[in-house]
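In: here is a sequence together with a model predicted from it:
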Amino acid sequence: MRVSSLFGVTRRTVPAEDLVSHQLLLRAGFLQQLATGLYSFLPLGWRTEQKIRRILREEMDAIGGQEIFMPVVQPADIWQRSGRWNSIDQVLLRFQDRRGRDMALALSHEEVVAGLTSANVSSYRDLPRIVYQIQTKFRDEPRSRGGLLRTREFSMKDAYSLDRDQPGLDRAYQAHFRAYFKIAARAGIPVAAVLSDVGVMGGHLAHEFIYLNDAGEDTLVFCDSCGYAANQEVAETKLPDPETDIEGELEEVETPGATTVAEVSAFLNVEPSRVAKSVAFMAELKRGQPAQMILAVVPGSAEVNLARLRSATGAVDLRPATAEEIDAAGGVAGYMSPHGLSAEAATVVVDEALGRRRNLVTGANRTGWHLRNFNVARDCQGATTTRLAAATTADPCSVCGAPLRIRRGIEYGNIFQLGTHYSTSLGALYDDESGEQSPVVMGSYGIGVGRLFACIAEEHHDERGLTLPIAVAPYQVALVSVGSDEAVAQLADSAYQEMSDAGIEVLFDDRNASPGVKFADADLRGMPLRLTISPRSLGAGGAEFKRRLGESRIVARESILSEVRSELEDLRRQEAEWVRTTMAPVEALIAQTLPGGT
RNA sequence: CGGGGCGUGGUGCAGGGGUAGCACGCCACUUUUGGGAAGUGGAGGUCGGCGGUUCAAAUCCGCCCGCCCCGACCA
């Protein structure tokens, strides 16, 4: 491709976006925004997207996946049969067709796969199978952000495994686990797998694949000692040993002006973890019912884990209570506690760690006062006690007791052991050897293609632009001609022809522009190898070779093609070596963390 | 949905009751060509929308819409 014919311009000015990698994708002419969470891919961006898709296809094919293609627009009845029509809120975009029939834009494809399975699988001989597609998903997110990190319309590689039993599902799950590491490695991003929430649709095992990056939306918990890794939403921590101190008498103590845990613990000289912090939420326990107050009580050193609170209470909608609502329930903001609240006013849920401790400090529900010697079992009867606090670095690992580490990350993929929910509700049954019918055991495995794209850009850029791996760069070579010298133009043209004929992907900057502009654009677009042909390079004997991340050297004009080939080969070898290194520990990780043996 | 910020040529911004401006980009010609060249000439905007105040609104007021960030949410 000649730059003089390329659709899509580069921009010198920096867009008003927060994420640097996204600024670069916009500036380099890879992407253009249509509206919040909706992006067009321009030719360069689309070429990279296609290369990512090729990696996805190769790795899915390698584990026996068969590519299919399912509709985005789907009738409501399959969603009603699976139960998701009612259990999913506005994220599922619904509309009616001209006949007034309820329809939805698919946010994933379990229902359709179950239906396909029902029609195409009838015997254990038809199992196992893996099908996958790369398809548009639409999720009407309350808030898109970070460019391609969270969009409303996006491409997903979604795969579905079909097995007769749990051991079969375990095998498929392992295969995807391995493939997801390989995909990230080939795309050039380091990745970690963490345990994740199985979601409201059941299933019993799920992992997220995380690119560690502070721009990420997810909070992850790691134990460096034993390798435990989990999303903070589900991270287990070791509970303190039950204390056996004598329960002191509950007493009010004056704490003027001390409304935060830090102030109270300093004023009364107690550890923040011994302050029972009460956080008031308003929850809809059933859709459409009036919200009622839930008081979550956690150690002052921790935050409430909303996922846990939601599952502990069954709340479908959860939001912080307003000052008026706290007031109406008889609480006093800043001095809030379960003490003195009626059972009707609020449902109280207490973190289990607090239940094991004795003689805590908590609010007195009276301005300027707190309570000493608060004991959950004695002073908070009727409360539910469960794990409620989000893991912190102060908590010991639940497995080995070592300190935990907390990092931010971007989830580019997740895998779920679904079980038989969808196959049962949509009639995907098979006959076993004895003719007995059972539901097909399903797994579901997703990778956000655009999100993977964003991770790649986030990992591979510098102050001048993108620095893309050869595996995903839109072109392999940026060819730059300098000046209007006839000999330069001739050699550049013939080199372009020769490389193109040899199947090498070249972006030839043939514009009548100054060298600075061409070099800056080449750097911005991030091609791994740059070839410059100029009066100076001709004087030195040929063309200048420069890797995007490397030094330049002169190559004789006769050997341009062979040198390009060997440079590209070397770059591929480096990336392959990186993939090998990255994959080396994965088998041990699978053996250690996944069910089903190897 | 709550909080904050912002909507003015293609891009990035300034202006803030009376002639709509700057930089980059774009077009033409000339001179240039190793890190975002120079000169000359030119094109391009109903100032997000609707309504109001006013002799007069990009500017003041009201409502709405859109975009970004934080939070909520995130199968």
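Out: Arrived safely, thanks for sending. None of the values given here were measured: they were computed from a predicted structure.
In: what does the helix or strand residue A:21 falls within contact?
Out: Per DSSP states H and E, residue A:21 falls inside helix A:20-27. Helix A:20-27 is contacted by residues A:10-15, A:17, A:31-33, A:45, A:146-149, A:215, A:454, A:457-458, A:461, A:465-466, A:524 when judged by CB atoms under 8 Å, 6 or more residues apart in numbering. Bear in mind the C-beta positions are built from the backbone N, C-alpha and C, glycine included.
In: over to stretch A:63-81?
Out: Contacts for stretch A:63-81 (CB under 8 Å, 6+ apart): A:57, A:60-61, A:85-86, A:92, A:94, A:101-106, A:109, A:111-113, A:115-116, A:129-138, A:159, A:175-176, A:178-179, A:425-426.
In: try it again at 7 Å.
Out: A:57, A:85, A:101-106, A:109, A:111-112, A:115, A:130-133, A:135-136, A:138, A:159, A:175-176, A:179, A:425-426 (CB atoms under 7 Å, 6 or more residues apart in numbering).
In: now intersect the residues you listed with the helices, please.
Out: Counted as lying in helices by DSSP state H, out of the contacts of stretch A:63-81, are A:57, A:85, A:111-112, A:115, A:175-176, A:179, A:425.
In: which among the residues you listed count as buried?
Out: For those, a neighbour count by 16 or more other CB atoms under 10 Å gives the buried set as A:85, A:111-112, A:115, A:175-176, A:179, A:425.
In: can you list the buried residues in the longest helix seen in chain A?
Out: In chain A, with assignment by DSSP H, the single longest helix is helix A:560-583. Of the residues in helix A:560-583, A:560, A:563-564, A:567-568, A:571, A:575, A:579, A:582 count as buried by neighbour count, 16+ other CB under 10 Å.
In: what's downstream of that helix, the next helix or strand?
Out: helix A:586-593.
In: buried ones in that following helix?
Out: Result for helix A:586-593 [16+ other CB under 10 Å]: buried residues A:586, A:589-590.
In: RNA strand B next: which of those are close?
Out: Residues of the buried residues of helix A:586-593 in contact with RNA strand B (CB under 7 Å from any atom of the strand): none.
In: okay if I get those residues as a markdown table plus distance to residue A:38?
Out: A markdown table is the format used below for those (distance: CB to CB, whole Å):
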| residue | distance to residue A:38 |
| --- | --- |
| A:586 | 36 |
| A:589 | 37 |
| A:590 | 38 |
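In: can I get those residues in TSV with pLDDT and distance to residue A:509?
Out: TSV is the format used below for the buried residues of helix A:586-593 (pLDDT from 0 to 100; distance: CB to CB, whole Å):
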residue	pLDDT	distance to residue A:509
A:586	96	40
A:589	95	44
A:590	96	46
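In: please identify which of these is nearest to residue A:240.
Out: Nearest to residue A:240 out of those is residue A:589 (CB to CB; 29.8 Å).
In: show me the contacts for the closest one.
Out: By CB under 7 Å, 6+ apart, residue A:589 has no neighbours at all.
In: repeat that for residue A:12.
Out: Counted by CB under 7 Å, 6+ apart, residue A:12 has zero contacts.
In: run the last query once more with 8 Å
Out: residue A:27.
In: let me see the mean pLDDT of the helix holding residue A:21.
Out: Mean per-residue pLDDT for helix A:20-27: 93.
In: check stretch A:334-346 too.
Out: For stretch A:334-346, mean pLDDT is 86.
In: quick one: buried residues of that stretch?
Out: Here stretch A:334-346 shows A:334-339, A:341, A:345-346 as buried, counting by 16+ other CB under 10 Å.
In: which of those residues fall in strands?
Out: Of the buried residues of stretch A:334-346, none are assigned to strands by DSSP state E.
In: taking the residues you listed together, which two end up most distant?
Out: Between any two of these (CB to CB), the greatest distance is 17.5 Å, for A:334 and A:345.
In: closest to residue A:298 among the buried residues of helix A:586-593?
Out: Residue A:298 lies nearest to residue A:589 out of these, by CB to CB, at 31.8 Å.
In: next one: that closest one from residue A:173, what distance?
Out: From residue A:589 across to residue A:173, the span is 13 Å (CB to CB, to the nearest Å).
In: neighbours of the nearest residue to residue A:267 once chain neighbours are set aside, just the number please.
Out: Spatial nearest neighbour of residue A:267, excluding adjacent residues (CB to CB, 6 or more residues apart in numbering): residue A:258 at 4.8 Å. Other residues within reach of residue A:258, judged by other CB atoms under 10 Å, total 19.
In: just residue A:487 next, same as before
Out: 11.
In: then residue A:34?
Out: Residue A:34 has 9 nearby residues by other CB under 10 Å.
In: ramachandran angles for it?
Out: phi -100, psi -50 (degrees, to the nearest 10).
In: so residue A:265 touches residue A:272, yeah?
Out: Yes. When contacts are counted by CB atoms under 8 Å, residue A:265 is listed as touching residue A:272 (4.6 Å).
In: and for those two, which residues touch both?
Out: The contact sets of residue A:265 and residue A:272 overlap at residue A:300 (CB under 8 Å, 6+ apart).
In: got the phi and psi for the residue positioned nearest the centre of chain A?
Out: Nearest residue to the geometric centre of chain A (CA atoms, centre = their mean): residue A:411, 1.5 Å. Phi and psi for residue A:411, reported as degrees, to the nearest 10, are phi -90, psi 110.
In: which non-adjacent residue is nearest it?
Out: residue A:208 (4.6 Å).
In: need the residues of the stretch 401-550 of chain A near RNA strand B, please.
Out: A:464, A:482-484, A:512-517, A:519-521, A:523-524, A:532, A:534-537, A:544, A:546.
In: just the buried subset of the residues you listed, please.
Out: A:482, A:513, A:519-521, A:523-524, A:532, A:534, A:537, A:544, A:546.
In: and which of those residues is nearest residue A:446?
Out: Among these, and counting by CB to CB, the member closest to residue A:446 is residue A:524, at 31.4 Å.
In: any idea of the mean pLDDT in the helix or strand that contains the closest one?
Out: Secondary structure assignment for residue A:524, by DSSP H and E: helix A:515-525. Here helix A:515-525 scores 97 as its mean pLDDT.
In: repeat that for stretch A:47-57.
Out: 98.
In: who's in contact with residue A:252?
Out: A:364, A:366, A:369-372.
In: hang on, I meant residue A:14
Out: A:23, A:27.
In: what helix or strand is it on?
Out: Per DSSP H and E: nothing holds residue A:14, as it lies in no helix or strand.
In: do you know the pLDDT at it?
Out: In this prediction, residue A:14 carries a pLDDT score of 87.
In: cool, and residue A:418?
Out: Looking at residue A:418, the pLDDT reads 93.
In: show me the shaky parts of chain A.
Out: Filtered on pLDDT under 70, chain A yields the residue ranges A:199-203, A:286-288, A:598.
In: recalculate using a threshold of 80.
Out: Low-confidence segments of chain A (pLDDT under 80): A:16-18, A:198-203, A:284-291, A:314-317, A:322-324, A:597-598.
In: how about the residues of the stretch 251-400 of chain A by RNA strand B?
Out: Near RNA strand B, when you scan the stretch 251-400 of chain A using CB under 7 Å from any atom of the strand, you find A:306-307, A:310, A:318-320.
In: pull out the buried members of those.
Out: Buried, going by 16+ other CB under 10 Å: A:307, A:310, A:318, out of those.
In: out of those residues, which is nearest to RNA strand B?
Out: residue A:318 (4.7 Å; CB to the nearest atom of the strand).
In: about what we covered before: let's have the ones in helices among the contacts of stretch A:63-81 in CSV, adding distance to residue A:443.
Out: Output for the ones in helices among the contacts of stretch A:63-81, formatted as CSV (distance: CB to CB, whole Å):
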residue, distance to residue A:443
A:57, 19
A:85, 23
A:111, 15
A:112, 16
A:115, 17
A:175, 10
A:176, 7
A:179, 12
A:425, 16
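In: closest to residue A:399 among these?
Out: With CB to CB as the yardstick, the closest approach to residue A:399 among the ones in helices among the contacts of stretch A:63-81 comes from residue A:176, at 23.9 Å.
In: need the nearest residue in space to the closest one, chain neighbours excluded.
Out: Residue A:176 sits nearest to residue A:445 (CB to CB, 6+ apart), 4.5 Å away.
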